[in-house]
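Enquirer: Generate a structure from the sequence data that follows.
(one chain, ligands or ions: 1)
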Amino acid sequence: MTQMIQKIISSLGKGRVALNEPMAKHTTFKIGGPADLFYSARTQEELIKAVKLARENNFPYFILGNGSNLLVKDKGYRGLVIKYQAAKVFKEKEKIIVEAGMLLSQLIKESVKNGWGGLEFLAGIPGSLGGAIRGNAGAWQKSIGDLVSRVKVLDKNGKTLWLNKNDCRFSYRQSRFKISGEIILAAEFCLPKKEKKEILKLIEEYTLKRSNQPKEPSAGCVFINPKPFSAGEMIEDCGLKGKKSRQAQIAKSHANFIINLNQAKAKDVLTLMDQIKEKVKTKFGVDLKEEIVILGE
Ligand SMILES: Cc1cc2nc3c(=O)[nH]c(=O)nc-3n(C[C@H](O)[C@H](O)[C@H](O)COP(=O)(O)OP(=O)(O)OC[C@H]3O[C@@H](n4cnc5c(N)ncnc54)[C@H](O)[C@@H]3O)c2cc1C
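Expert: All right, here's what the predicted structure looks like:
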């Protein structure tokens, strides 16, 4: 074990840092080789401390939410994976502040409990709030950026600051965070009051709309829709639905999903992604861009 690794382990606490942690355990794809070091940050302070430590020592690090938009390569990640799990809620009059490690499913439960309207369309998206804000996650023409009023970040210089919505530059599956590398610590929402039964009804409707989505492990849509076109329709028109590379398959029910049939390798998924890009480029002249994040060796 190198001195650097020992230093990180002793700073973050013995028993808190796992060595050679299989990332397949931490992604909805259930794919991914080992991360050298893996640490779960339970509070904002723990996250800030871990990031500071990695930065000061020039040690590579990666912030993990719920791993639902992520393909980790088969040889894993040489560095420290920091899973952000701080998930407290603070209420200040009309304002609701939520720590970004909270899962969207939990946030939706909170919204039902407290009568906060507007979040229902997020039902069925298996991400954390931080991952969702970074990618401006959404569905049915709605996105999380529409609901956020401010975002608290840890910037590149180690400072924490609040950014107003306009500074977050939200657009379709985009935000400043994809470029800035700032880490999302928390978000503030101003949500309209709604009857609990109305919220539940909408959640049920949105959940039903997802019933044709593949049930097998995946990372959701692989490619960003090259608007006004649909990546899924283009892939389907190329005749690629159902195509396999060993244990990875382009889903029959939704061509923009690649599914893990059983112990698929990242290599298999990447092979399918290359084939999709090539065929779509040849047929439509369009360069598809990945929505999923690809990490590791
Ligand atoms: C079955 C299924 C359905 C899906 N449906 C949808 C959908 O309808 N709409 C949609 O938009 N997405 C969908 N997704 C994709 C995914 O759930 C979302 O993109 C989600 O918001 C990702 O969040 P995460 O916490 O899992 O991010 P991760 O996969 O953990 O990370 C993704 C990226 O975000 C970064 N990140 C994570 N947390 C933070 C943070 N706190 N600060 C800064 N960066 C951070 C990571 O470093 C990484 O670069 C679906 C996925 C699945 C598996």
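
Enquirer: Tell me the buried residues in stretch 60-79?
Expert: Residues of stretch 60-79 classed as buried by neighbour count (16 or more other CB atoms under 10 Å): 61-74, 76-77, 79. Glycine gets a C-beta too; all of them are placed from N, C-alpha and C.

Enquirer: domain assignment for this structure?
Expert: 3-84, 89-209, 231-295 (automatic domain parsing).

Enquirer: For those, give me CSV that also has distance to the ligand and mean pLDDT.
Expert: What follows is those, written out as CSV (distance: least, CB to the nearest ligand atom, whole Å; pLDDT from 0 to 100):
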stretch, distance to the ligand, mean pLDDT
domain 3-84, 2, 97
domain 89-209, 2, 96
domain 231-295, 4, 98
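
Enquirer: Ramachandran coordinates for I63?
Expert: phi -90, psi 120 (degrees, to the nearest 10).

Enquirer: same check, this time on F189
Expert: Dihedral angles (degrees, to the nearest 10) for F189: phi -120, psi 150.

Enquirer: Please name the nearest non-neighbouring residue to it.
Expert: I96 (4.7 Å; CB to CB, 6 or more residues apart in numbering).

Enquirer: So which residues of the stretch 51-200 of the chain form strands?
Expert: For the stretch 51-200 of the chain, applying DSSP state E, counting those that start in this stretch gives strands covering 61-64, 70-72, 77-84, 89-92, 95-99, 138-139, 142-143, 148-154, 160-164, 183-190.

Enquirer: Make TSV out of those and add distance to A123.
Expert: Shown next, in TSV, are the strands of the stretch 51-200 of the chain (distance: least, CB to CB, whole Å):
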stretch	distance to A123
strand 61-64	22
strand 70-72	21
strand 77-84	22
strand 89-92	18
strand 95-99	16
strand 138-139	9
strand 142-143	11
strand 148-154	18
strand 160-164	27
strand 183-190	16
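
Enquirer: Among these, show me which one is buried the most.
Expert: With neighbours taken as mean count of other CB atoms under 10 Å, those reach their highest mean count in strand 70-72, at a mean of 25.

Enquirer: by contact count, what packs against that one?
Expert: Here strand 70-72 touches helix 266-284, strand 293-295, going by 3 or more CB pairs under 8 Å, 6 or more residues apart in numbering; DSSP states H and E.

Enquirer: Outside of it itself, list whatever touches it.
Expert: 23-24, 27, 29, 31-33, 35, 64, 219, 266, 269-270, 292-296 (CB atoms under 8 Å, 6 or more residues apart in numbering).

Enquirer: Just give me the neighbour total for G33.
Expert: Number of residues near G33 (other CB atoms under 10 Å) recorded here: 19.

Enquirer: In contact with it, which residues?
Expert: G33 neighbours (CB under 8 Å, 6+ apart): 22-24, 72-77, 266, 296-297.

Enquirer: can you rerun that using 7 Å?
Expert: 23, 72-76, 296 (CB atoms under 7 Å, 6 or more residues apart in numbering).

Enquirer: Pick out the residue in the stretch 151-297 of the chain sitting closest to the ligand.
Expert: Going by CB to the nearest ligand atom, the ligand is nearest to G220 of the stretch 151-297 of the chain, at 2.5 Å.

Enquirer: Got the phi and psi for that residue?
Expert: Per degrees, to the nearest 10, the backbone of G220 is at phi 80, psi -150.

Enquirer: what residue is smack in the middle of this structure?
Expert: Centroid check for the chain by CA atoms, centre = their mean gives G131 as the closest residue, at 3.8 Å.

Enquirer: what are the phi and psi angles of the closest residue to that residue other than its chain neighbours?
Expert: Of all residues not flanking G131 in the chain, G65 sits nearest, at 3.3 Å (CB to CB, 6+ apart). For G65, the backbone dihedrals (degrees, to the nearest 10) come out as phi -100, psi -110.

Enquirer: ok, G65 touching Y84?
Expert: Yes - counting by CB atoms under 7 Å, G65 touches Y84, with 6.4 Å between them.

Enquirer: Residues that sit against both of these two, list them.
Expert: What both G65 and Y84 touch, as defined by CB under 7 Å, 6+ apart, is the set 128, 130.
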